[in-house]
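Participant: Structure of the sequence below:
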Amino acid sequence: MLHHRTTVAASGIVLLAIFWVNMAQAADRSWSNPAGGTFSNAANWQGGVAPTAADNAVFDLDAPDLYTVTLSAPAAVTQLLIDRDQVLLDLASFGLTASSTGFTLPSLTVAGTAGTNGSLELRNGTLTTATAGISRIGDFGNGTLTLANGAKWTGTGYLAFRDGSTGTVNISGAGSTWTADGQYVGNGGTGTLAVSAGGSVVTNEASYIGLNAASHGDATVTGPGSSWTGSKNYLTVGYGGHGTLTVNDRGLISSQSLKLGANANSVGLVNLDGATGATARSTIAVSGAQSAGVMVGDNGSGTLNVTNGALLTDGGTFWIGYEPGSSGVVNVSGAAGGNNAEIRVTGMMTIARSIYNNPGAGGGNGSLTVGAGGSVTISGASYLGSTGVGAGAGTIKLDGGTFTTHGLSVSAGSAVIHNAGTMIINGGAYAPAVTSLALAGATASDTATLRLTNAASLNLPGALYLG
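Facilitator: Numbering: from 1, shown residues only. Here you go, the predicted structure:
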């Protein structure tokens with residue numbers, strides 16, 4: 001046995017893998033029957049030898065059509081490799097384990113060769129890849145993995161591992177589940193994750209959509225019962241590259257934190273959309289770990305759209321335009337199914353400010369627009385804009401919706417625009433940092449309302465203009 005320690009750095013993420021390699025490498029056992037057949041039948045493999053736990057199972061016939069391989073008993077291999085084939089693997093209620101560990105020897109690879117297309121569909125059982133290992137869906141080529149009919153995959157996976165590759169994972173149907181310490185949707189190339197019709201993803205540590213600078217990641221959670229959850233799920237959309245997350249038609253995201261546009265030049269977009277006419281709601285529920293529940297624009301650019309009766313809850317702080325140089329945009333509008341589009345924050349909200357109680361520390365540029373049918377409720381205080389070196393400009397724009405907060409402090413150069421709708425200061429003070437304040441509405445037919453409740457106060461050195 002040789003003991004190796006390998007460290008791989010990827011855009012600030014250090015991946016440490018400790019793995020054991022036999023002096024004698026695992027043998028490749030290659031599938032030979034383009035019509036499909038039973039996994040354990042030696043006649044289906046080149047050389048008449050079926051793979052064992054010490055071997056690699058290779059599917060690389062370049063067959064013209066999809067073929068089905070069926071398990072007749074639990075099976076184990078070192079690596080599972082699908083390159084130029086379309087394979088439907090019917091696990092038949094059994095399990096298949098791929099045991100290879102470490103970052104350089106993936107447990108599962110789909111499309112490992114540049115320019116090739118490979119696909120694997122799992123049904124009716126569980127594929128387990130090593131906890132200390134990884135899987136690559138689209139390594140150099142274009143790879144697709146589909147979980148259907150209650151199939152389960154347990155293991156960390158990279159979608160579109162290298163620049164120029166594509167990797168797609170489709171999870172469809174109740175009971176179909178991908179569970180991992182981490183999901184990387186778009187590591188170097190273009191990655192896609194689609195969860196639908198009651199499928200689910202479970203993250204035990206952290207997940208990234210658009211990891212490295214050249215990457216593009218796109219994840220969708222759609223339909224009743226479809227979910228992406230995890231007790232320790234730290235979800236980042238646009239870590240170093242471009243990331244998009246769409247949650248609609250009553251899909252669910254549950255995470256410890258949600259960050260959009262983490263690093264400089266990264267771009268993160270989240271579209272949370274409801275279901276017209278449905279009583280259930282599309283939901284993103286963030287518990288608020290590490291004092292930063294939701295961050296729209298950390299060092300990069302982030303945009304969050306909450307529409308058509310959808311709901312986002314945040315148990316921590318809600319940041320828009322955090323660091324100098326960043327930008328964050330949040331839009332909330334549209335009622336559906338008897339519900340407003342809503343953001344509810346248990347903690348505080350800061351817009352264009354990196355340190356809530358120190359406006360001189362600067363910040364990015366941030367805006368919050370609350371349109372008709374939209375509602376934003378902040379249980380704590382809100383802080384808008386910053387000054388000093390790296391000062392950020394912040395805007396809250398009321399376009400027919402309702403914004404409620406426990407106090408609002410506004411720095412010079414930032415503003416609240418009362419086009420229409422209602423601002424409620426539920427306790428605390430409203431300090432707009434302007435000489436005078438106009439509640440005139442955008443047009444003659446618009447009504448702009450400022451309501452002070454629970455002993456709230458308005459700190460305004462000049463005049464208040466109404467109408």
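
Participant: list the contacts for Ser176?
Facilitator: 147-152, 198-200 (CB atoms under 8 Å, 6 or more residues apart in numbering). Using the backbone N, CA and C atoms, a C-beta is placed for each residue, glycine as well.

Participant: One more: Val69?
Facilitator: 31, 36-39, 44, 59, 87-90.

Participant: Please apply the same query to Ala285.
Facilitator: 252-255, 312-313.

Participant: cool, and Val202?
Facilitator: 177-180, 228-230 are the contacts of Val202 under CB under 8 Å, 6+ apart.

Participant: between those residues, which is nearest Ile82?
Facilitator: The closest of those to Ile82 turns out to be Trp178 (CB to CB; 16.7 Å).

Participant: Need the pLDDT of the closest one.
Facilitator: The per-residue pLDDT reported for Trp178 equals 98.

Participant: Find the residue ranges of the stretch 151-300 of the chain scoring beneath the pLDDT cut-off.
Facilitator: 276-279, 289-292 (pLDDT under 70).

Participant: one more time with 90, if that's ok
Facilitator: 231-233, 275-280, 288-292 (pLDDT under 90).

Participant: mind listing the helices in it by residue range?
Facilitator: When assigned using DSSP state H, counting those that start in this stretch, the stretch 151-300 of the chain turns out to have no helices.

Participant: and Glu121, what is it in contact with?
Facilitator: 66, 87-89, 145-148.

Participant: Partner strands of the one helix or strand it maps to and their direction?
Facilitator: Per DSSP states H and E, Glu121 falls inside strand 117-123. Here strand 117-123 is paired, per DSSP bridges, with strand 86-90 (parallel), strand 142-148 (parallel).

Participant: Out of the contacts of Ala285, which sit inside strands?
Facilitator: Taking DSSP state E, the ones among these that sit in strands are 252-255, 312-313.

Participant: Go through those residues and name the one nearest Gly297.
Facilitator: Leu312 (15.7 Å).

Participant: neighbours around Ala53, how many?
Facilitator: Ala53 is flanked by 12 other residues according to other CB atoms under 10 Å.

Participant: which residues touch Asn340?
Facilitator: 309, 373-375, 401-402.

Participant: Can you lay out the residues you listed as CSV showing distance to Met349?
Facilitator: Formatted as CSV, these follow (distance: CB to CB, whole Å):
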residue, distance to Met349
Gly309, 21
Gly373, 20
Gly374, 15
Ser375, 14
Gly401, 15
Thr402, 14
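
Participant: Just the buried ones from those residues?
Facilitator: With neighbours counted using 16 or more other CB atoms under 10 Å, those contain these buried positions: 309, 373-375, 401-402.

Participant: coming back round to it: state the mean pLDDT of the strand holding Glu121.
Facilitator: 98.

Participant: residues contacting Thr168?
Facilitator: 137-138, 143-145, 159, 191-194.

Participant: Show me what it is bridged to.
Facilitator: Thr144, Thr192.

Participant: ok, now Val270?
Facilitator: Leu245, Leu304.

Participant: number of nearby residues for it?
Facilitator: 27.

Participant: just to revisit the earlier point, mind listing which of the buried ones among the contacts of Asn340 are in strands?
Facilitator: Using DSSP E, the buried ones among the contacts of Asn340 in strands are 374-375, 401-402.

Participant: Just send these back as CSV, with pLDDT and distance to Leu272 too.
Facilitator: Output for those, formatted as CSV (pLDDT from 0 to 100; distance: CB to CB, whole Å):
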residue, pLDDT, distance to Leu272
Gly374, 97, 12
Ser375, 97, 14
Gly401, 95, 15
Thr402, 96, 18
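
Participant: Please identify which pair of those residues lies farthest apart.
Facilitator: So, these by CB to CB: farthest apart are Gly374 and Thr402, at 7.4 Å.

Participant: what sits against the closest residue to Pro224 other than its chain neighbours?
Facilitator: Leaving aside its sequence neighbours, Pro224 sits nearest to Arg250 (CB to CB, 6 or more residues apart in numbering; 4.6 Å). Residues in contact with Arg250 (CB under 8 Å, 6+ apart) are 223-226, 274-275, 278, 280-282.

Participant: mind checking which helix or strand Ile127 is in?
Facilitator: Careful, residue 127 is Leu and not Ile. With DSSP H and E as criterion, Leu127 is part of strand 126-129.

Participant: neighbouring contacts of that strand?
Facilitator: 80, 89, 91, 95-98, 107-108, 135, 151-157.

Participant: quick one: stretch 245-252 to chain centroid distance?
Facilitator: 11 Å (CA atoms, centre = their mean, to the nearest Å).

Participant: Endpoint to endpoint, that stretch covers what distance?
Facilitator: End-to-end distance for stretch 245-252, by CA to CA, to the nearest Å: 12 Å.

Participant: Would you mind listing the buried residues in that stretch?
Facilitator: 245-252.

Participant: what does stretch 452-467 give?
Facilitator: Neighbour-count burial for stretch 452-467 [16+ other CB under 10 Å]: 452, 456.

Participant: contacting residues around it?
Facilitator: Counting by CB under 8 Å, 6+ apart, 407, 424-432, 434-441, 450 sit against stretch 452-467.

Participant: Repeat the analysis, applying 7 Å as the threshold.
Facilitator: The contact list for stretch 452-467 (CB atoms under 7 Å, 6 or more residues apart in numbering) reads 424-432, 435-440.

Participant: Phi, psi for Val354 please.
Facilitator: I think there's a mix-up here, since residue 354 is Ser and not Val. phi -90, psi -30 (degrees, to the nearest 10).

Participant: Please name the residues that touch it.
Facilitator: 322-323, 361-363.

Participant: Touching, Gly388 and Gly360? I think so.
Facilitator: Yes. Gly388 lies in contact with Gly360 (CB atoms under 7 Å); the separation is 3.8 Å.

Participant: Identify the farthest-apart pair in the buried residues of stretch 245-252.
Facilitator: Maximum distance among the buried residues of stretch 245-252 (CB to CB): 15.6 Å, for Leu245 and Arg250.

Participant: May I see the ChimeraX selection of the buried members of the contacts of Glu121?
Facilitator: This is how ChimeraX selects the buried members of those, with burial counted by 16+ other CB under 10 Å:
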select :87,88,89,145,146,147,148
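
Participant: want to try TSV for the contacts of Glu121, with pLDDT and distance to Gly240 as columns?
Facilitator: Output for the contacts of Glu121, formatted as TSV (pLDDT from 0 to 100; distance: CB to CB, whole Å):
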residue	pLDDT	distance to Gly240
Leu66	98	35
Val87	98	32
Leu88	98	35
Leu89	98	33
Leu145	98	24
Thr146	98	28
Leu147	98	27
Ala148	96	32
